[in-house]
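Enquirer: Just a sequence and a predicted model for now, questions to come.
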Amino acid sequence: MATGVLPLKDIVSEKLGMKRELDNDVFQASKKQKVSRTLDFGLSEYTCSGFNPIFGHLKNRMEDFLVTEISPTSQEIRLKSLQPIDLPSEPGAENVVLANLTDDIKEKLASILSQERSVIDFPAAESKEERTSFHKAVSGYSGKLASQTVTEDGVSLVRVKLKEQRERTGIKYPKDAKTVHFTLLKWNLSTADAVMKLSQLLRVKPNSFNYGGLKDKRGITSQRVSCRFMTARRLAGLNKSFLQKNTDASQPIQFEKSFLLGDFSYHREEMKLGDIGGNNFTIVLRDCEETTEENLENLKNSLLKTGFINYFGMQRFGNCGNTHLIGKCILKRDYEGAVKLILTPSPSQKPDIRAAVEKYSETGNAGDAVMLLRNKNNIEGLVLASLALNGKNYKQAIKTLHYKQQTLYTHAFQSYVWNRVVSRRIQRFGTSVIPGDLVEKEGDGTPQWKSKAVRVLKEEDVGNHGIGDIIMPLPGCEVTLPSNECAEFYKEILAEEDFPAEYLLEENSVAKEFNARGAYRPIIFTPLAFESEMLRYSGENDKLTATDVDVVLGREFKREEDQGERLALKLSFSLPKSCYATMLLREVSRGRIE
């Protein structure tokens with residue numbers, strides 16, 4: 001065993017000095033269950049040392065888990081203004097209006113808008129260019145007016161009237177303002193759930209929205225989102241419901257599944273996945289074991305010096321914990337196996353979904369099962385509906401799912417293999433750099449977890465690099481494997497998973513079909529910053545930190561000095577994108593944060 005690495009078996013067996021008044025048998029059973037669950041996803045090793053692990057309860061309250069996105073230019077994404085902005089005009093459009101609409105004409109147009117008059121005829125210019133210019137000016141004056149050239153008694157006129165109601169939504173978006181960007185401040189909703197809710201309220205397709213990364217459901221998070229062919233005013237109108245429910249500042253904020261939208265701006269381009277610099281976290285752990293300032297300082301120093309293993313967190317593997325198994329089946333073209341896993345009953349499923357999949361498991365009748373669903377536009381509903389329509393065509397049932405969902409499954413399997421490979425590497429070599437390891441090629445400029453331009457370390461290079469420089473590939477058909485024993489780890493683990501290595505490590509139609517090309521990911525991540533604070537409190541639901549929702553609602557948060565018996569730890573840190581905060585918490589607690 002390499003030095004500086006703490007093996008799981010020693011951590012599980014050691015006495016942790018727990019002071020809770022819990023029955024020891026219950027505690028041991030709980031501990032074994034949690035350890036077993038993390039091992040299921042390849043999470044077995046730790047790197048930090050020199051401190052006593054901290055223990056506590058996570059996400060007791062919505063305000064206990066705060067995430068603020070960091071932009072690519074290192075700006076914190078905090079919601080500041082709910083005020084909408086007007087859609088900008090095409091460049092030069094204002095000049096056209098000013099040049100062609102006199103005050104008299106504007107006054108007459110205003111009378112139509114106020115419905116004092118229903119229609120007005122203006123003399124038409126002789127040249128087509130002048131008439132076209134006048135039509136543009138009328139359209140630019142208000143999106144609610146329609147104009148057309150007509151001829152009466154041999155005289156050409158421009159007739160102006162209100163557009164029909166169905167025509168008024170036909171907004172013309174300037175080429176530099178086809179997309180509105182905004183800050184989404186949400187709670188009790190995942191990013192995907194929030195986008196789905198927005199699309200339903202606005203009656204647009206979910207793929208109209210784009211964002212840089214996914215944020216947790218259980219917590220208060222802020223991030224930038226973009227939407228094609230949408231106005232800021234329509235989006236801002238969705239704030240009304242939440243604001244009306246929280247007008248009384250003397251009452252606690254009602255944190256239902258909701259959001260606030262603001263800080264609008266118009267752009268030509270949409271956001272793209274990965275268009276973020278990282279995330280800032282403020283996390284409150286409650287009912288913590290007693291610790292000391294010295295211990296917290298040791299914890300901080302160890303994290304900032306050593307970093308933590310950049311595992312894919314358990315969120316990657318879904319609520320049911322089987323997305324990687326589904327992905328493995330898909331990559332093996334075992335579509336029947338994938339369908340059976342998707343339709344496996346789980347306690348985490350909503351009641352109607354649970355009833356439907358149980359019905360299918362018992363009877364095999366997809367038609368009867370799908371009728372039990374309140375909403376059929378979910379993964380289980382789409383699969384059941386396909387089976388009801390096409391019989392046991394399991395491949396078609398999987399293909400019914402959105403392509404992004406299919407690749408989410410296959411990427412989960414790649415992530416699972418990566419976790420296991422990294423655990424085996426650290427078991428074998430610790431945090432040492434060895435010949436044959438991979439680093440990002442200097443000067444490439446592409447993020448190291450996406451770049452194909454990697455460099456294999458030679459014997460003479462090893463002393464110039466630390467473990468934080470080393471990257472490991474997610475298995476795929478377009479990646480370079482390390483030129484050392486670690487390359488064999490991939491083949492060994494795939495064999496243990498009864499998965500043909502050539503399906504994933506060699507160029508083939510299966511890997512390309514599901515975009516399993518692979519990528520690169522650092523083994524170790526070091527927090528960009530880390531601070532901790534001990535907070536005493538008395539009541540289970542005491543509010544311990546301010547949120548962006550308080551700021552937007554104009555509520556001042558003042559916490560009275562409390563000498564209560566309960567201890568909470570407030571942790572504040574920053575992480576790069578594609579890095580799981582839960583894996584940092586796992587490191588500092590040795591997997592015992594609940």
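Expert: On my side now, so go ahead.

Enquirer: Need the three-state assignment for the residue most central in space within the chain.
Expert: Nearest to the mean C-alpha position of the chain, by Cα atoms, centre = their mean, lies residue 214 at 0.3 Å. Of the three states, residue 214 takes coil according to DSSP: H, G, I helix; E, B strand; the rest coil.

Enquirer: Contacts only, for it.
Expert: With contacts defined as Cβ atoms under 8 Å, 6 or more residues apart in numbering, residue 214 is in contact with 190, 191, 192. For every residue, glycine as well, the C-beta is placed using N, CA and C.

Enquirer: Next step: these restricted to helices.
Expert: The helices, defined by DSSP state H, take in 191, 192 from the contacts of residue 214.

Enquirer: closest to residue 427 among the contacts of residue 214?
Expert: Distance to residue 427 across the contacts of residue 214 (Cβ to Cβ) is lowest for residue 190, with 33.7 Å.

Enquirer: where's the closest one relative to residue 323, distance?
Expert: In this view, residue 190 and residue 323 are 14 Å apart by Cβ to Cβ, to the nearest Å.

Enquirer: Looking at these two, which one has more neighbours?
Expert: Higher neighbour count among residue 190 and residue 323: residue 323, with 23 against 16, using other Cβ atoms under 10 Å.

Enquirer: correct me, but the more buried one touches residue 314?
Expert: No. Assessed by Cβ atoms under 8 Å, residue 323 is found out of contact with residue 314, at 10.5 Å.

Enquirer: Do you have the helices of the stretch 351-500 of the chain handy? List them.
Expert: 351-363, 366-370, 379-390, 394-399, 403-429, 486-496 (DSSP state H, counting those that start in this stretch).

Enquirer: Distance to residue 106 and mean pLDDT for those helices - can I get that in a markdown table?
Expert: Output for the helices of the stretch 351-500 of the chain, formatted as a markdown table (distance: least, Cβ to Cβ, whole Å; pLDDT from 0 to 100):
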| stretch | distance to residue 106 | mean pLDDT |
| --- | --- | --- |
| helix 351-363 | 57 | 93 |
| helix 366-370 | 58 | 93 |
| helix 379-390 | 54 | 93 |
| helix 394-399 | 57 | 94 |
| helix 403-429 | 49 | 93 |
| helix 486-496 | 71 | 95 |
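
Enquirer: Pull out the buried residues from stretch 145-152.
Expert: 145, 146, 147 (16 or more other Cβ atoms under 10 Å).

Enquirer: Are we agreed that the second one is in a strand?
Expert: Yes. Looking at residue 146 with three-state DSSP, it is inside a strand.

Enquirer: Now do the host helix or strand of residue 66: everything it contacts.
Expert: Using DSSP states H and E, residue 66 maps to strand 65-70. By Cβ under 8 Å, 6+ apart, the surrounding residues in contact with strand 65-70 are 58-59, 76-78, 212-213, 215-216, 218-224, 276-284, 545, 547-548, 574, 581.

Enquirer: chain center to it: distance?
Expert: 11 Å (Cα atoms, centre = their mean, to the nearest Å).

Enquirer: Show me where this protein dips below the pLDDT cut-off.
Expert: 1-39, 89-100, 142-143, 164-170, 443-452, 509 (pLDDT under 70).

Enquirer: Specify the residue positioned farthest from the middle of this protein.
Expert: residue 153 (64.0 Å).

Enquirer: so what's residue 576 bridging to?
Expert: Beta bridges link residue 576 to residue 278 when assigned by DSSP bridges.
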